[in-house]
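Novice: Just the structure for this:
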Amino acid sequence: FETMTNLKSLDLSRNRLEGAPLEFLTRMPWLENIQLSFNPITGTIPPEIGSMTALTGLHMLQNEMSGILPSSIGDMRNLNFFELGDCSIGGTIPKSLYDLENLELLAIQNTDLSGTLLPTKIAQLSSLKKLAMMFNERTTGTIPSELGLMTKLEGVDLSDHTGLTGTIPEEIERLTNLMAFKIGATQITGTLPLAICAIVDNTEMVVVPCKVECSLYCCEREQYCKTETDTQYEY
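Specialist: Take a look at the predicted model:
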């Protein structure tokens with residue numbers, strides 16, 4: 001592989017691939033896309049990953065990797081698509097991740113990452129279209145008002161975070177391209193801004209916790225919501 005300098009995209013997904021391929025792939029800095037998802041690969045994400053500045057896509061879902069997400073990830077300034085999930089990657093989310101101004105997809109789900117889920121610095125991801133950060137139970141924080149500055153966003157999924165608290169900022173109404181907004185199974189409270197109902201025309205694509213007030217014609221709440229006056233479970 002190291003002599004195949006014309007190779008730009010490498011898709012090894014769903015191949016029962018084992019071992020630690022990233023240690024080897026970092027010696028191929030000309031690659032533009034790496035797909036490693038759905039393999040029982042192990043090892044860590046080496047700091048040398050930052051030297052792969054030609055990469056536009058890095059996909060690592062459902063694997064057995066561990067270690068941390070290195071800060072050198074922020075050196076991959078051409079990255080458009082980044083997926084990491086269903087693995088044991090831990091530590092804190094590096095602040096440098098939010099320096100990737102060309103990102104269009106950021107998906108981090110079901111990891112051992114900790115710290116603040118959505119820092120105010122996330123607004124620097126001005127090209128982002130889809131934000132999917134679900135099931136990262138070690139993370140905490142609120143939905144920052146700066147999320148409203150990310151006007152290219154089409155989908156937001158922050159579901160299944162017991163550490164995500166606070167209310168939905170009114171600035172979310174600025175996201176006029178939204179087609180999905182999901183924050184179910186979180187500790188978010190308050191009221192869903194009415195403008196979201198007008199922006200997202202499919203109620204199944206707006207999912208909020210039971211404690212969030214919204215019209216039944218606007219959103220789907222968690223399937224089993226127990227009211228204070230009724231001992232039965234209902235929608």
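
Novice: With adjacent residues omitted, what lies nearest to Tyr217?
Specialist: Once flanking residues are discounted, Tyr217 sits nearest to Thr203: 6.9 Å by C-beta to C-beta, 6 or more residues apart in numbering. All C-beta atoms are positioned from the backbone trio N, CA, C, and that covers glycine.

Novice: just checking, that neighbour touches Arg221?
Specialist: No. Thr203 is beyond contact range of Arg221, at 10.4 Å (criterion: C-beta atoms under 8 Å).

Novice: Compare those two (neighbour count), which wins?
Specialist: Between Thr203 and Arg221, counting by other C-beta atoms under 10 Å, Arg221 is the more crowded of the two (20 against 15).

Novice: Look up phi and psi at that one.
Specialist: Main-chain torsions, Arg221, degrees, to the nearest 10: phi -100, psi 170.

Novice: which residues touch it?
Specialist: In this structure, Arg221 makes contact with Gly184, Val207, Val208, Pro209, Cys210, Val212, Cys214, Tyr235, judged by C-beta atoms under 8 Å, 6 or more residues apart in numbering.

Novice: Double-check Leu79 against Thr56; I have them as touching.
Specialist: Yes. Between Leu79 and Thr56 there is a contact under C-beta under 8 Å: 6.2 Å.

Novice: So for those two, which sits in the more crowded spot?
Specialist: Higher neighbour count among Leu79 and Thr56: Leu79, with 24 against 18, using other C-beta under 10 Å.

Novice: so what's that one closest to, chain neighbours aside?
Specialist: In space, Leu79 is closest to Leu100, 5.2 Å off (C-beta to C-beta, 6+ apart).

Novice: any idea how far Leu125 is from that neighbour?
Specialist: Taking C-beta to C-beta, to the nearest Å as the measure, Leu100 falls 7 Å from Leu125.

Novice: Show me where the chain has its helices.
Specialist: Using DSSP state H, the helices of the chain run over residues 21-25, 194-199.

Novice: possible to save those helices as a markdown table with distance to Met65?
Specialist: Conversion of these to a markdown table gives the following (distance: least, C-beta to C-beta, whole Å):
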| stretch | distance to Met65 |
| --- | --- |
| helix 21-25 | 8 |
| helix 194-199 | 36 |
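
Novice: quick one, which of those helices is packed in tightest?
Specialist: helix 21-25 (a mean of 17; mean count of other C-beta atoms under 10 Å).

Novice: Which residues does that helix contact?
Specialist: 1, 10, 12, 31, 34, 36, 41, 43-46, 49, 52.

Novice: Compute the mean per-residue pLDDT across that helix, please.
Specialist: For helix 21-25, mean pLDDT is 89.

Novice: before we move on, back to that, most widely separated two among the contacts of helix 21-25?
Specialist: Phe1 and Thr44 (20.0 Å; C-beta to C-beta).

Novice: between these two, which one's more packed in?
Specialist: Thr44 (16 against 11).

Novice: Could you tell me the per-residue confidence at that one?
Specialist: 95.

Novice: Hmm, Asn63 and it touching each other?
Specialist: No. Taking contacts as C-beta under 8 Å, Thr44 lies outside contact range of Asn63: 11.3 Å.

Novice: burial measure for Asn202, as a count.
Specialist: Counted with other C-beta under 10 Å, Asn202 comes out at 9.
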